[in-house]
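Q: got a predicted structure plus its sequence, pasted below:
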Amino acid sequence: MTAKNLSYYASKFTKLRVDRAHGSIAPHKPILLLSVIELIEQGILKHNQIPLSAELVAAFLKLWQQLGSTAHNADIGMPFFHLKSDGFWHFRSNPGFEALLSSGAKVRAVNALRQAVEYAYLDEELFELLQQPTFRNILINTLLNTWFADKTQQVQEVLRINAFAEFEQELLATGGRLYERSVIKDETKTVVRDATFRKVIVSIYDYRCAFCGLRIINSLSQNIVDGSHIMPFSQFYDDRIDNGLSLCKNHHWAFDRGWFSINDDFTLLVKSDLHEDAPNCKPMQQFNGDRIRLPVHAQHYPRLEALRWHRENIFKSA
């Protein structure tokens, strides 16, 4: 049996099965591996669980700008699915999708992969090697020297940049933006855009629900609240911070269905026809007239225009 050591994986990295059909090598797989290694180095990937996350997509897009081929599209879904053919990349299915992933079906679209795959994971031996800076650098250099020999120096500098954090900083600095519909069709970029908005909104509300104040964070820094849009993004393409609210799962659902809204003075307006049985928590109707929790800075408060739209179009029609 072949020993799965550093030499074994270095050899694997030099012999990745890549597409050569367009007259040039498709660099998707080595760029994906560099992206994964970057997140490990930055402490973002602490466990051998690699979801198709916004952080991974952002790292991939950043590296694609430096290393990508003009003959190919920057589609992370392709390598995320096909890297399993190289023998060290595996999938943990979401419940109900086990048969689909074992059937040989090619699930390569980003949204389809996020629905079907809970996370990818590496051979445990490879993941352990990547925890060691010396071995990690050897494998990074193996990828660079094999697939991007003419760009090694510039890439070493780019690898130190946290691309997703840069998206967050830009959103905070600019206050967000309105998009044209044509700009948001790219599934890959949409993953980053959506996650950046939601993460910034939740952070400026101190990870609390603006309605009830609930704040729960686990050891992996996952939290129970959502960064939600007041005016739906699918209709208005509005990712400005003042079109956002931090809401727990229950109150996000209720807000989207018009069970409550918010007045111009930021007090809650709760439907009077709710029939509630809440023995262990405060019923929604008892929050009526309370002021929502607000961000520290006034420029991040919910936009009055957006609140009025919600009252007129969602709350009144519920």
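A: Yep, that arrived.
Q: how near is Leu83 to Thr134?
A: According to Cβ to Cβ, to the nearest Å, Leu83 and Thr134 sit 24 Å apart. Every residue, glycine included, has its C-beta placed from N, CA and C.
Q: between those two, tell me which one has more neighbours.
A: Set Leu83 next to Thr134 and count neighbours by other Cβ atoms under 10 Å: Leu83 wins out with 21 against 8.
Q: please name the residues that touch the more buried one.
A: Shown in contact with Leu83 (Cβ atoms under 8 Å, 6 or more residues apart in numbering): Leu16, Lys29, Leu32, Leu33, Trp89, Ala120.
Q: quick one, strands of the stretch 201-318 of the chain?
A: 225-229, 244-248, 260-262, 268-270 (DSSP state E, counting those that start in this stretch).
Q: quick check: which of those strands is nearest to Asp238?
A: Asp238 sits nearest to strand 225-229 of all the strands of the stretch 201-318 of the chain, at 7.0 Å, using Cβ to Cβ.
Q: ok, longest helix in this structure?
A: In terms of residue count, the longest helix belonging to the chain (DSSP state H) is helix 187-204.
Q: compute the inter-axis angle for that helix and strand 225-229.
A: Inter-element angle recorded for helix 187-204 and strand 225-229: 110 degrees (by axes from the mean of the first three to the mean of the last three Cα atoms, to 10 degrees).
Q: so what touches helix 187-204?
A: Here helix 187-204 makes contact (Cβ under 8 Å, 6+ apart) with 52-55, 57-58, 60-61, 74-77, 109-111, 114, 164, 167-168, 171-172, 176, 179, 184, 223, 225-229, 233, 239, 241, 244-246, 295-297, 300.
Q: hang on, Phe135 packs against Tyr8?
A: No. Phe135 is not in contact with Tyr8 according to Cβ atoms under 8 Å; the separation is 11.9 Å.
Q: so where's this protein uncertain?
A: Scanning the chain with the threshold set as pLDDT under 70 gives 1, 21-23, 152-154, 156-158, 182-185, 187, 220.
Q: and the next element down the chain from the helix or strand hosting Ile37?
A: Here Ile37, judged by DSSP states H and E, is contained in helix 28-41. Once helix 28-41 ends, the next helix or strand along the chain (criterion: DSSP H and E) is helix 54-67.
Q: packing partners of that following helix?
A: Counting contacts by 3 or more Cβ pairs under 8 Å, 6 or more residues apart in numbering; DSSP states H and E, helix 54-67 packs against helix 28-41, helix 152-158, helix 163-174, helix 187-204.
Q: how far is it from where the chain is centred?
A: Put simply, helix 54-67 sits 13 Å off its chain's centre (Cα atoms, centre = their mean, to the nearest Å).
Q: just the residues contacting that helix, thanks.
A: So helix 54-67 is contacted by 27, 30-32, 34-36, 38-39, 44, 50, 74, 76, 110, 147-148, 151, 154-155, 158-159, 161, 163-164, 166-167, 188-189, 191-192, 194-196, 199 (Cβ under 8 Å, 6+ apart).
Q: just the buried residues of that helix, please?
A: Using 16 or more other Cβ atoms under 10 Å as the test for burial, helix 54-67 gives Ala54, Glu55, Leu56, Val57, Ala58, Ala59, Phe60, Leu61, Lys62, Leu63, Trp64, Leu67.
Q: from Glu166, how far out is the fifth one?
A: Between Ala58 and Glu166 the distance is 8 Å, computed by Cβ to Cβ.
Q: what do you get for the last one?
A: Distance, Leu67 to Glu166, by Cβ to Cβ: 18 Å.
Q: same list (the buried residues of helix 54-67) but as TSV, adding distance to Phe211.
A: TSV is the format used below for those (distance: Cβ to Cβ, whole Å):
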residue	distance to Phe211
Ala54	25
Glu55	28
Leu56	32
Val57	30
Ala58	30
Ala59	34
Phe60	36
Leu61	34
Lys62	36
Leu63	40
Trp64	40
Leu67	45
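Q: which two among these are spaced furthest apart?
A: Top of the distance list for those (Cβ to Cβ): Ala54 and Leu67, 20.1 Å.
Q: identify the residue nearest the geometric centre of the protein.
A: For the chain, the residue nearest the mean C-alpha position is Ala54 (2.6 Å; Cα atoms, centre = their mean).
Q: distance of the residue nearest to it when sequence neighbours are not counted from Glu168?
A: Excluding its sequence neighbours, the residue lying closest to Ala54 (Cβ to Cβ, 6 or more residues apart in numbering) is Ala195, at 3.1 Å. Using Cβ to Cβ, Ala195 is found at 9 Å from Glu168.
Q: how far out from the middle of the chain is the longest helix of the chain?
A: For helix 187-204, the distance to the chain centre is 7 Å (Cα atoms, centre = their mean).
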